[in-house]
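1. kindly return the folded structure for what I paste below:
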Amino acid sequence: MPSFSHAPQYPPMELELRHLRTIRTIAEEGSLTRAATVLGLAQPALSAQLRRIEATLGGALFERGRRGVRVTALGELVLERTRIVLPAVSELQQEAVRFARSWRGPERLRLGGTHGPLLGALLDRLTQVVPDAIVTTYVSWSERELAVLLAEGGLDFALAGTCGSTAPPDATRLAWREIAVDPVFVMLPDSHPLASCAEVRLSALADEEWACVPGDGCFADCFTAACARAGFSPRRMYETDTASCVHLVQVGRAVGLCRASFPTTPGITTRPLAGTPLLWRHVLGWHPTLQQPDLTATVLAEARGAHARTAEGSDSYRPWLAAHGEHTAQSLGPS
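-> Coordinates of the predicted model:
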């Protein structure tokens, strides 16, 4: 059975914790393709990284076959050490955070979040209610990355989202609380024939190209399934940052998918989809042993207030809320 070769163009490098996580993920997924998806990498980039790791460790860690990859004897040795090293480092980070907090208090509040206006609104509110804290932010399109940072003590709180009723990442170790549930709206250029409609049937957009921000959850699959129920397959999906999505809609290249609380934007009309085929659930996450209950309650309350204020600022969302009512927050994980 062929194994990964050690190309001479990959010289040895200093082994880092992220390399150990890569090895562990490949072994857990049993496939470079699935591991690349979990890690948020293109498969060629993951293959190149694996070759550099193997060059550093002196041999092949995996053998490739038709059904995926199989761990070699050297790979088993490395994985055995990885199972010890990674939890130990994670525990060290958590203990260091607890120790620092016990001596100095929350001098720095580290917030993570995915794309969207909610993180900025929460930041604005927290600088008023926790004036002594230095609040910093970290933005990532990957909910899984934010969960890893929470678990390891790299972030204090993270704003993320899930599609429909899907559980947030690492829900067994992290505490997640629902902030609100938004319907998914469609962004249309003001000149679009459907922009004047109160709501838009998904089937009426069968001939359009689409734009949406990326993510590593199941939203893309849920959208494809909703299109199938409406009787069509989406022609093309542009996955890109928020500013680029807005531009593609403004120039008429695509119609966009957005949360209903998306702010009013020049040249764009947002409209609800008839029947609400897609929902987006905003959640706030933290590590339950690393945060004080009073601070957690404050951040959660301000996150819900930030969402309410953002929703009030949407000319298309206010009528929808008046007709459908608001969702009640609920627990999604251990408290």
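2. tell me which element residue 195 falls in.
-> Assigned by DSSP states H and E, residue 195 falls within no helix or strand.
3. how about the secondary structure of the nearest residue to it once chain neighbours are set aside?
-> Among residues not flanking residue 195 along the chain, residue 269 sits closest, at 4.2 Å (Cβ to Cβ, 6 or more residues apart in numbering). The C-beta positions use only the backbone N, C-alpha and C, and glycine is treated the same way. Assigned with DSSP: H, G, I helix; E, B strand; the rest coil, residue 269 falls in the strand class.
4. I'd guessed residue 269 sits against residue 189; true?
-> Yes. Taking Cβ atoms under 8 Å as the definition, residue 269 is a contact partner of residue 189 at 7.5 Å.
5. so those two - more neighbours on which side?
-> The neighbour count for residue 269 versus residue 189, taken as other Cβ atoms under 10 Å, is higher for residue 269 (22 against 18).
6. distance of that one from residue 139?
-> In this view, residue 269 and residue 139 are 26 Å apart by Cβ to Cβ, to the nearest Å.
7. also residue 161?
-> Residue 161 is 13 Å from residue 139, by Cβ to Cβ.
8. joint contacts of the two?
-> Common neighbours of residue 161 and residue 139 are listed as residue 114 (criterion: Cβ atoms under 8 Å, 6 or more residues apart in numbering).
9. more neighbours, those two?
-> Using other Cβ under 10 Å as the criterion, residue 161 and residue 139 rank with residue 161 on top: 23 against 13.
10. need the residues touching each of residue 269 and residue 189.
-> Between them, residue 269 and residue 189 share these contacting residues under Cβ under 8 Å, 6+ apart: residue 195.
11. picking up where we left off before, need the pLDDT of the residue nearest to residue 195.
-> Each residue has a pLDDT score; the one for residue 269 is 95.
12. just the C-alpha atoms of stretch 51-61, please, in PDB.
-> This file holds the C-alpha atoms of stretch 51-61, laid out as PDB (Å, rounded to 0.1, in the frame of the first residue of the first chain):
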ATOM      1  CA  ARG A  51       4.700  16.100   4.300                       C
ATOM      2  CA  ARG A  52       6.500  18.800   6.100                       C
ATOM      3  CA  ILE A  53       5.500  17.300   9.500                       C
ATOM      4  CA  GLU A  54       6.600  13.900   8.300                       C
ATOM      5  CA  ALA A  55      10.000  15.300   7.100                       C
ATOM      6  CA  THR A  56      10.400  16.800  10.600                       C
ATOM      7  CA  LEU A  57       9.500  13.500  12.400                       C
ATOM      8  CA  GLY A  58      11.600  11.300  10.100                       C
ATOM      9  CA  GLY A  59       9.000   9.000   8.500                       C
ATOM     10  CA  ALA A  60       5.500   8.400   7.200                       C
ATOM     11  CA  LEU A  61       2.700   8.800   9.700                       C
END
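13. tell me which residues of that stretch come out buried.
-> Within stretch 51-61, the residues scored as buried using 16 or more other Cβ atoms under 10 Å are 51-57, 60-61.
14. and which of the residues you listed is nearest residue 112?
-> Taking Cβ to Cβ as the measure, residue 112 sits nearest to residue 53 out of the buried residues of stretch 51-61, at 27.0 Å.
15. surely residue 261 forms part of a helix?
-> No. When classified by three-state DSSP, residue 261 is found to be coil rather than part of a helix.
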